[in-house]
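Visitor: below are the sequence and a predicted model; questions follow.
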Amino acid sequence: MPTLGAIADDFTGATDLATMLVARGHRTVVTVGPDALSEGPGETAVRDADAVVVALKSRTAPVEEAVGTSIAALRALRASGCARFYFKYCSTFDSTPRGNIGPVTDTLLAELGEHRTVVVPSFPATGRTVHGGRLFVHGEPLDESPMRHHPLTPMRDSDLGRLLTPQTGHPVHAVGLDTVRQGGDALRAALDAPALADALVVVDAVTDEDLVTICAATSHLTLVTGAAGLALGLTGPHAEAARAAPASRPGDPGVVLSGSASSATRAQVAHARARLPHRKLDLAALRADFAGTVAGLVAFARRAWHDDPAKPPLIYSVDDLGDLDQPAPHDGPGSSELVERALAACATDLVAAGARRLLVAGGETSGAVVTALGVRTLAIGSPIAPGVTWARAEGRAHGRDHAVDLALKSGNFGDTAIFTEAWSALA
Ligand SMILES: Nc1ncnc2c1ncn2[C@@H]1O[C@H](COP(=O)(O)OP(=O)(O)O)[C@@H](O)[C@H]1O
Ligand SMILES: O=C(O)[C@@H](O)C(=O)COP(=O)(O)O
């Protein structure tokens, strides 16, 4: 029976955290939404797990929806036996002044009858650090990093207190690196101070050791919040939990689907364009003839599999930030929704056509693809890069059951060559 329950606000974040938990010795299952915890094969997988991560698509959802699905996830995790909880959000704190990190944290605390928690987005393995209460991305303040231009959650400040205060009903405090470096006991004493009794406390962390210290100092809190780095110190009952075997065999058709606009993904797309067959989404064509345009993309991918099975085709939507500027008509879907729907439709049609390995870039994009594929649970397989892994996914689409390997790549994670090199981890 699981003891640790996590709620991830997007799908790439869910596999990011699950990868860390598996490496720290937790048998971990990712469920797509809360219902999969208590239904069908998900129920059995959850019963045998030490930790469960519920993947939500709540990061950019309306606040009420994000709060509602998060509470449903918390209740389902409690019903499965979980006693400690982890709210996983983005290591670049993706949110707006309305939410959703603050409102979801407030509601989880209220539901648990708790009054305080920590806020720890630091993840040094991927270049995210917190110092002086400010979030840095590879040494640059968040608001000077490419996150400044994110299409859905542009981050225009790096001070976590200033970012969080408009989102929460709790006071926001900060505990600095000097206290963290005094060790677990000193940090716990600082966090337990009466002045922080009802606070959200931003805790500095620059190294993995800092995160391990924070984990030790917060082991008495029912709820912790942060990116996947905070799980570094959460040692599970096994040396390293077993990883799921791939669903696909070498030579099975694969595809890269990217709706991510992140700077790392744009570099990965540029690298792959020189090496893989590729097509870019044409938003005007999709608006004029959605089904016909998707059918053309599927035909392109099938031709590419036939021409050279060793080169998975790439279907993507962004070369540079100018691609995000195309205005959407008043009477149709917004561009981001159109891109998500198109890549989700490509995914289901390509799986029906034989695709067994899909590398999906972008958290929102991954949510759309995984949901369309009817996937209920993900079993973590071979790691690809910090925060990125292959996962075995079983689902149902176009009336047929399928088992596929999915890699859900966070926008800013992975080396430049990940679209060409990730496949070798499945060998
Ligand atoms: N050309 C485009 N025009 C407008 N929106 C786009 C375009 N390409 C992608 N998007 C949208 O931008 C969002 C990207 O978010 P996500 O998939 O989380 O990746 P990332 O956070 O790495 O950029 C998605 O909603 C996607 O549909
Ligand atoms: O914590 C992180 O950075 C990732 O797990 C994550 O959530 C990234 O989101 P996207 O960039 O939207 O994929």
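Guide: Okay, I see it. Ligands and ions are numbered 1, 2, ... in the order given.

Visitor: most distant residue from the centre of this structure?
Guide: In the chain, the greatest distance from the average C-alpha position (Cα atoms, centre = their mean) is reached by Pro194, at 34.2 Å.

Visitor: quick one, phi psi at that one?
Guide: phi -50, psi -30 (degrees, to the nearest 10).

Visitor: per-residue pLDDT, it?
Guide: Pro194 carries a pLDDT value of 97.

Visitor: quick one: it from ligand 1, how far?
Guide: Here the criterion is Cβ to the nearest ligand atom, to the nearest Å. By it, Pro194 lies 39 Å from ligand 1. For the C-beta atoms, the positions are set from N, CA and C on the backbone; glycine is no exception.

Visitor: equivalent analysis for Val404, please.
Guide: Counting by Cβ to the nearest ligand atom, the gap from Val404 to ligand 1 is 19 Å.

Visitor: check the burial of whichever residue of the chain sits closest to ligand 1 by counting its neighbours.
Guide: Using Cβ to the nearest ligand atom, the closest approach of the chain to ligand 1 is made by Gly411 at 1.9 Å. Counted by other Cβ atoms under 10 Å, the residues lying close to Gly411 total 29.

Visitor: ok, it touching Arg266?
Guide: No: using Cβ atoms under 8 Å, Gly411 is not in contact with Arg266, being 9.2 Å away.

Visitor: could you double-check that Leu324 sits in contact with Val318?
Guide: Yes: using Cβ under 8 Å, Leu324 is in contact with Val318, at 6.8 Å.

Visitor: more neighbours: which of those two?
Guide: Set Leu324 next to Val318 and count neighbours by other Cβ under 10 Å: Val318 wins out with 23 against 15.

Visitor: can you tell me the SS state at that one?
Guide: Secondary structure, DSSP: H, G, I helix; E, B strand; the rest coil: Val318 is coil.

Visitor: contacting residues for it?
Guide: Residues in contact with Val318 (Cβ atoms under 8 Å, 6 or more residues apart in numbering) are 258-261, 265-266, 269, 324.

Visitor: what about it, distance to ligand 2?
Guide: For Val318, the distance to ligand 2 (Cβ to the nearest ligand atom) stands at 13 Å.

Visitor: equivalent analysis for Lys311, please.
Guide: The value you get for Lys311 to ligand 2, if Cβ to the nearest ligand atom is used, is 25 Å.

Visitor: to which secondary structure element type does that residue belong?
Guide: coil.

Visitor: could you measure from it over to Leu276?
Guide: 5 Å (Cβ to Cβ, to the nearest Å).

Visitor: also Ala45?
Guide: 34 Å.

Visitor: one step back: now do the shared contacts for Leu324 and Val318.
Guide: What both Leu324 and Val318 touch, as defined by Cβ under 8 Å, 6+ apart, is the set Ala261.

Visitor: before we move on, back to that, more neighbours: Ala45 and Leu276, which one.
Guide: Ala45 (22 against 18).

Visitor: the more buried one touches Arg27, doesn't it?
Guide: No: the criterion here is Cβ under 8 Å, and Ala45 misses it with Arg27 at 9.3 Å.

Visitor: who are the contact partners of the nearest residue to Glu43 once chain neighbours are set aside?
Guide: Ranked by Cβ to Cβ, 6 or more residues apart in numbering and with sequence neighbours excluded, the top spatial neighbour of Glu43 is Leu37, at 6.9 Å. Shown in contact with Leu37 (Cβ under 8 Å, 6+ apart): 31, 43, 46, 52, 54, 76-77, 79-80.

Visitor: mind listing which of these are in helices?
Guide: Of the contacts of Leu37, the ones assigned to helices by DSSP state H are 43, 46, 76-77, 79.

Visitor: are any of those buried, and if so which?
Guide: With burial judged by 16 or more other Cβ atoms under 10 Å, the buried subset of those is 46, 76-77.

Visitor: how far does the helix or strand bottoming out on mean pLDDT in the chain sit from the chain's center?
Guide: Of all helical and strand segments in the chain, the minimum by mean pLDDT, DSSP states H and E falls on helix 40-47, at a mean of 78. Relative to its parent chain, helix 40-47 has a centroid offset of 22 Å by Cα atoms, centre = their mean, to the nearest Å.

Visitor: what packs against that helix?
Guide: If you count contacts as 3 or more Cβ pairs under 8 Å, 6 or more residues apart in numbering; DSSP states H and E, helix 40-47 packs onto strand 28-32, strand 377-385.

Visitor: before we move on, back to that, and which of the buried ones among the ones in helices among the contacts of Leu37 is nearest to Asp307?
Guide: Val46 (42.3 Å; Cβ to Cβ).

Visitor: check contacts around whatever residue of the stretch 201-350 of the chain ends up closest to ligand 2.
Guide: Taking Cβ to the nearest ligand atom, ligand 2 has its nearest neighbour within the stretch 201-350 of the chain at Ala227, 4.0 Å off. Counting by Cβ under 8 Å, 6+ apart, Ala227 touches 13, 16, 88-91, 120-123, 128.

Visitor: and for Leu314?
Guide: Counting by Cβ under 8 Å, 6+ apart, the residues that Leu314 touches are 255-256, 258, 269, 272-273, 276-279, 419.

Visitor: in helices, which of those residues appear?
Guide: Among the contacts of Leu314, the ones falling in helices (DSSP H) are 269, 272-273, 419.

Visitor: about what we covered before: and the furthest pair within the contacts of Leu314?
Guide: Checked with Cβ to Cβ, the contacts of Leu314 reach their widest spread between Val255 and Arg273, with 14.8 Å between them.

Visitor: neighbour count: the two, which is higher?
Guide: Val255 (25 against 15).

Visitor: contacting residues around the more buried one?
Guide: Val255 sits next to 301, 312-315, 346-347, 350, 355, 357-359 when contact means Cβ under 8 Å, 6+ apart.
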